[in-house]
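Student: Sequence below, structure please.
(one chain, ligands or ions: 1)
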Amino acid sequence: MSVQQPYALELRDLRKAFGKTEIIRGANLAVQKGERVAIIGPNGAGKSTLFNLISGRLLPSGGEVQLNGQRIDGKTPYDINRLGLARSFQVSNLFSKLSVFENLRCGLLWSAGYKYTFFRFLANLHDANQRAEELLHKLHLEKRRDDLAMNLTYAEQRALEIGVTIAGGADVILLDEPTAGMSKTETAHFIELIKEVTVGKTLLTVEHDMGVVFGLADKIAVVVYGQVIAFDTPEKVRANAAVQEAYLGSTLADNQANAVLTGASQAEGSDYVAH
Ligand SMILES: Nc1ncnc2c1ncn2[C@@H]1O[C@H](COP(=O)(O)OP(=O)(O)OP(=O)(O)O)[C@@H](O)[C@H]1O
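Tutor: Okay, here's the model as predicted:
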């Protein structure tokens, strides 16, 4: 009899109230290792709150979050990161006055624990240099190696941001709207890049752009009113009557529903506020 592997990420009856209002109302989700999952849902459904609960920025009011079979709810973002979960924020995460190479090396050295001793730092430096070169190549940023992060194009900054996120070696990656603000062509390239650099990793994205969702995700988790009402392949989610029903009710929701049902990319930008 084979021993079942733990899920890469599991939410069990997760809850979060702000004051008296329960925003996350018993969310359940079980993500297998290596799956790419897009979290979608109407505005205000609780997608960002879920990401904040998973990454430790918010403490749950109830329920559990498990990472590779280990409970992480109640831990700090730092500890959760050390246990193998990394979240990419917007470009503000970068050191704007350091070069592309130096940004990647910082990410690598931080994960290698350079803080502990100077000698360990030196020992790690050679290895970090080599791995930073490899990452540069993966990110298609070789030509930008010595340019300051602040001088990159927006799309390049987002690529570097993802590079710094994965540099730490985490095996579960959370990306907040990775292609927000990009042109259609940039988005198409970026989806391919994300796929390449996250091979073998588990990926969760919060996403409004259905083009990205259908281009990137193996599975879609539909969050409505603080619960995961469907979690399945894009095709099955599209055909799910409960998803169709839950999306009805507002113009924006109608637009999103149409996009889900047709697999079309949304033309307009989102009103998602980065945290
Ligand atoms: N810190 C907070 N204090 C009080 N209410 C909050 C807080 N954070 C989020 N909320 C509320 O929780 C609800 C869900 O917000 P959240 O940002 O998680 O939704 P979302 O699905 O990510 O929405 P969007 O698609 O618009 O980004 C909203 O009504 C929001 O006002």
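
Student: okay, now the residue nearest to residue 17 when sequence neighbours are not counted: neighbour count?
Tutor: The shortest distance from residue 17 to any non-neighbouring residue, by CB to CB, 6 or more residues apart in numbering, is to residue 61 (4.7 Å). Where C-beta positions appear, they are placed from N, C-alpha and C, glycine not excepted. Per other CB atoms under 10 Å, the neighbour tally for residue 61 reads 14.

Student: try residue 243
Tutor: Neighbour count for residue 243, taken as other CB under 10 Å: 22.

Student: which residues does residue 165 contact?
Tutor: By CB atoms under 8 Å, 6 or more residues apart in numbering, the residues touching residue 165 are 86, 87, 88, 93, 107, 173, 175.

Student: The stretch 1-150 of the chain against the ligand: which residues are in contact?
Tutor: The stretch 1-150 of the chain has residues 18, 23, 41, 43, 44, 45, 46, 47, 48, 49 near the ligand, with proximity defined as CB under 6 Å from any ligand atom.

Student: Can you pick out the most distant pair from the contacts of residue 165?
Tutor: Maximum pairwise distance in the contacts of residue 165, criterion CB to CB, is 15.2 Å, between 107 and 175.

Student: Check the spacing between the residue nearest to residue 17 and residue 76 real quick.
Tutor: Residue 61 sits 18 Å away from residue 76, going by CB to CB, to the nearest Å.

Student: Who wins on neighbours among the contacts of residue 165?
Tutor: Busiest of the contacts of residue 165 [other CB under 10 Å] is residue 107, holding 27 neighbours.

Student: Report whether it is found in a strand, as I expect.
Tutor: No: Residue 107 is assigned helix when assessed by DSSP: H, G, I helix; E, B strand; the rest coil, not a strand.

Student: Burial check on the nearest residue to it once chain neighbours are set aside, number of neighbours?
Tutor: Excluding the flanking residues, the one nearest residue 107 by CB to CB, 6+ apart is residue 167, at 3.3 Å. As a burial measure, residue 167 scores 23 neighbours (other CB under 10 Å).

Student: Kind regards, and thank you for your time.
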